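Return atomic coordinates for the entry below.
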Amino acid sequence: MTETGEIIALLLAGYLLGSISFAQLLTRNKSVDLFTTGTGNPGAANVFRKVDKKLGIAVYVGDAIKGAAPVIVARVVTDNELVWIATLAAAIIGHWYPVFNRFRGGAGLATGSGGVFALMPLVGVLGFASGALVIARFKSSGHAAAVGLAVMVILATPLGYSWELVVGSVVLAAVLLTKATARGWRPGRKS
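Alright, predicted model coming up:
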């Protein structure tokens, strides 16, 4: 059984890692305010479309790593899958409300996708590949996120992942998409 102190440390570490804004760090020398550019979201898709494609990819990778890393550490510390999911949730909350940026953050889709890679690697790869095909064909990160999520939900149980991981991932994805939509993000929006 994981000690309460270990769980608190995992959640705090997840939140702090999630609070790092790779979009702002990597665009610092570009003299751009991501909150007033494009979608107004300081995230990978906005950087990719409005600042620099290579930087956008780098932001995605950084944000995905900050979702995956706390889950990987939690997996080493405990076999409790609910703690793994809670640690990913903490990283996503850190991305939404980063302590290092006056609690102004992004949508968290890349952070969530990185966490899914760490929670359910095979499903993460299949979801990412499906999303990448959608982006290549339709140039829409919104549709890519929706298709990737659908693939993950459909394949997770047949591929042997526990119901806790499947339900936890679906709930986190639903919250991410709901929050992103509330911020004005729409699937297929090309700002």
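
longest helix of this protein?
Counting residues, the longest helix found in the chain (DSSP state H) is helix 53-77.

Check which residues of that one are buried.
Buried positions in helix 53-77, judged by neighbour count with 16 or more other Cβ atoms under 10 Å: 55-56, 58-60, 62-75, 77. C-betas here are computed from N, CA, C, even on glycine.

again with stretch 39-55
For stretch 39-55, burial by neighbour count (16+ other Cβ under 10 Å) applies to 39-52, 55.

so what's residue 64 up against?
By Cβ atoms under 8 Å, 6 or more residues apart in numbering, residue 64 lies in contact with 110, 111, 113, 114, 117.

Now do the host helix or strand of residue 143 and helix 53-77, the angle between them.
Assigned by DSSP states H and E, residue 143 belongs to helix 141-156. Orientation check (axes from the mean of the first three to the mean of the last three Cα atoms, to 10 degrees): helix 141-156 against helix 53-77 gives 30 degrees.

Just the CA trace of helix 141-156, in PDB.
Provided in PDB are the C-alpha atoms of helix 141-156 (Å, rounded to 0.1, in the frame of the first residue of the first chain):
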ATOM      1  CA  SER A 141      -5.900  18.900 -34.500                       C
ATOM      2  CA  GLY A 142      -9.400  18.900 -33.200                       C
ATOM      3  CA  HIS A 143     -10.600  16.100 -35.400                       C
ATOM      4  CA  ALA A 144      -7.300  14.300 -34.800                       C
ATOM      5  CA  ALA A 145      -7.900  14.400 -31.000                       C
ATOM      6  CA  ALA A 146     -11.400  13.100 -31.400                       C
ATOM      7  CA  VAL A 147     -10.400  10.300 -33.700                       C
ATOM      8  CA  GLY A 148      -7.400   9.400 -31.500                       C
ATOM      9  CA  LEU A 149      -9.700   9.300 -28.400                       C
ATOM     10  CA  ALA A 150     -12.300   7.100 -30.200                       C
ATOM     11  CA  VAL A 151      -9.600   4.600 -31.200                       C
ATOM     12  CA  MET A 152      -8.200   4.500 -27.700                       C
ATOM     13  CA  VAL A 153     -11.600   3.900 -26.100                       C
ATOM     14  CA  ILE A 154     -12.600   1.200 -28.600                       C
ATOM     15  CA  LEU A 155      -9.400  -0.700 -28.400                       C
ATOM     16  CA  ALA A 156      -8.400  -0.400 -24.700                       C
END
